[in-house]
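Engineer: Fold the following and give me the result.
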Amino acid sequence: MAANETTVKLDGVSKSFGDFTAVRDLSLDVRAGRVFGLLGPNGAGKTTTIRMIVNITAPDSGTILLFGRRIDADLAFYRGGALVARGLLFIGGGDGYFYAFDTKTGKEVWRASRNVQLSWATPVLVRAGSRDERVTAGTEYVIAYDPATGAELWRVKGLDSNAVPSPVVVGDIVVVSAGYPNKVAMAVRAGGSGDVTDSRVLWRYAKGTAYVPSPVAVDGLVYLMTDKGLLTCLDAATGEVKYEGGRPPGASSYMASPVVVGGRILLMSMDGDTHVIKAGPTHEVLRTNSLGEPIAASAAVAPGRLYIRGEHHLFAIGSGT
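Structural biologist: So this is what the prediction gives:
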């Protein structure tokens, strides 16, 4: 794809919810090789626009093109996020398929059938021996695919709950979880073939998970978090419980997933507080910082920076050096 070609194009897009117009007659082009962001006050339509681009919400009017293809029944997306790896953009399909596109040209590399229920979890890439695997969590099945071809490699019986949190990878172990209607976490060792439900599931754990936030891992330990910020620490390989019910200093709700910075775990609440938790087998709150406004989005970690999107502001946190 040439540097000046359009990758995302909106033409006259509008969306209303009852009497409220969230987006009105929006047109824009996003060109290849460019970084594009949406800025504006709360209620400006940023989230609605993104939800329309990834086909979570349908526009009332106008057209949306991705790599020149219309976002509608021709290319339906599942609700999980996209994965970019090895020069490919992987997008799940609500039409029973998922797709791989070349990130440079925008051309479809392959499409593969995925006849399972809807999933909200973003897939992950795991290295198992000499091969890569693209692992997707789901209600019915957890399935690994060959990212080069889309061929199914293995599957295990799924979570029997809404697959919203994204999996976390520890070496060749994939930990998947769900928090509604049942709380469940499960670890699978990648690298299998066929149905590996009885051979490669390492452990299951039936509490401590969240409906929305995803788990994190540090130094071989997995940290599950509830929607109220309670932490559970498990050994990723054995499922041994290191601690359960680690509490933040105050009661709150959590939508953002925890992130790991400098070997410490950051929990960001809807009250605007960031709790810094010591990584390790003992729960310890090191400090709490407040930004003064609700935090619903997971933070983005970059070299020397932590980006946090609050309800009203985008914050960039640095080391101060």
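Engineer: which ones are touching A206?
Structural biologist: Residues near A206 by C-beta atoms under 8 Å, 6 or more residues apart in numbering: 182-185. Any C-beta I mention is one placed from the backbone N, CA and C, and that applies to glycine too.
Engineer: Return the members of those residues classed as buried.
Structural biologist: The neighbour-count test (16 or more other C-beta atoms under 10 Å) applied to the contacts of A206 identifies 183-185 as buried.
Engineer: Can you verify my assumption that N182 contacts S161?
Structural biologist: Yes. Using C-beta atoms under 8 Å, N182 is in contact with S161, at 4.7 Å.
Engineer: outside of the helix or strand hosting V301, which residues touch it?
Structural biologist: In this structure, V301 sits in strand 300-302 according to DSSP states H and E. Contact with strand 300-302 is made by 259-261, 306-307, as judged by C-beta under 8 Å, 6+ apart.
Engineer: Just put those residues in CSV and tack on pLDDT and neighbour count.
Structural biologist: Below are the contacts of strand 300-302 laid out as CSV (pLDDT from 0 to 100; neighbours: other C-beta atoms under 10 Å):
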residue, pLDDT, neighbour count
V259, 97, 19
V260, 96, 16
V261, 94, 13
L306, 94, 18
Y307, 95, 13
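Engineer: Next, give me the two most distant ones among these.
Structural biologist: Farthest-apart pair in those is V260 and Y307; separation 14.8 Å (C-beta to C-beta).
Engineer: Would you mind listing where the chain has pLDDT under the threshold?
Structural biologist: Low-confidence segments of the chain, defined by pLDDT under 70: 1-4, 55-56, 71-81, 92-96, 115, 117-118, 320-321.
Engineer: Can you show me the helices along it?
Structural biologist: Assigned by DSSP state H, the chain shows helices spanning 46-53.
Engineer: R70 and D11 touch, don't they?
Structural biologist: No. At 10.5 Å, R70 does not count as touching D11 under the criterion of C-beta under 8 Å.
Engineer: so what sits against both of those two?
Structural biologist: 63-64.
Engineer: re earlier: and the strand holding V301, how far out from the chain middle?
Structural biologist: Here strand 300-302 is found 14 Å from its chain centre; the criterion is C-alpha atoms, centre = their mean, to the nearest Å.
Engineer: Which residue lies nearest the spatial centre of this structure?
Structural biologist: When C-alpha atoms, centre = their mean is applied to the chain, the residue found nearest the centroid is T122 (4.1 Å).
Engineer: For that one, give me phi and psi.
Structural biologist: With angles defined as degrees, to the nearest 10, T122 sits at phi -70, psi 130.
Engineer: shouldn't it be in contact with V84?
Structural biologist: No. Using C-beta under 8 Å, T122 is not in contact with V84; the gap is 10.9 Å.
Engineer: For stretch 233-249, C-alpha coordinates in PDB please.
Structural biologist: C-alpha atoms of stretch 233-249 as PDB (Å, rounded to 0.1, in the frame of the first residue of the first chain):
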ATOM      1  CA  CYS A 233      -2.300 -14.300  42.700                       C
ATOM      2  CA  LEU A 234      -1.700 -17.700  41.200                       C
ATOM      3  CA  ASP A 235       1.300 -19.700  40.000                       C
ATOM      4  CA  ALA A 236       0.800 -19.700  36.200                       C
ATOM      5  CA  ALA A 237       2.200 -23.300  35.800                       C
ATOM      6  CA  THR A 238       0.500 -25.000  38.700                       C
ATOM      7  CA  GLY A 239      -2.500 -22.800  39.700                       C
ATOM      8  CA  GLU A 240      -1.200 -22.700  43.300                       C
ATOM      9  CA  VAL A 241      -2.900 -19.900  45.100                       C
ATOM     10  CA  LYS A 242      -0.400 -17.400  46.500                       C
ATOM     11  CA  TYR A 243      -3.000 -15.100  47.900                       C
ATOM     12  CA  GLU A 244      -6.700 -14.300  47.400                       C
ATOM     13  CA  GLY A 245      -8.800 -11.200  48.100                       C
ATOM     14  CA  GLY A 246      -6.000  -8.600  48.100                       C
ATOM     15  CA  ARG A 247      -7.900  -5.400  48.700                       C
ATOM     16  CA  PRO A 248      -7.200  -1.900  47.400                       C
ATOM     17  CA  PRO A 249      -7.300   0.900  50.000                       C
END
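Engineer: Buried residues, it. List them.
Structural biologist: 233-237, 239, 242, 246, 248.
Engineer: Stretch 213-233 now?
Structural biologist: 213-218, 221-227, 229-233.
Engineer: Repeat that for stretch 269-284.
Structural biologist: 269-277, 279-280, 283.
Engineer: which residues touch S61?
Structural biologist: Shown in contact with S61 (C-beta under 8 Å, 6+ apart): 12-14.
Engineer: Looking at those, which is nearest S177?
Structural biologist: Nearest member of the contacts of S61 to S177, counting by C-beta to C-beta, is V13, at 34.9 Å.
Engineer: ok, the closest one - contacts?
Structural biologist: Per C-beta under 8 Å, 6+ apart, neighbours of V13: 23, 25-27, 49, 52, 59, 61-64.
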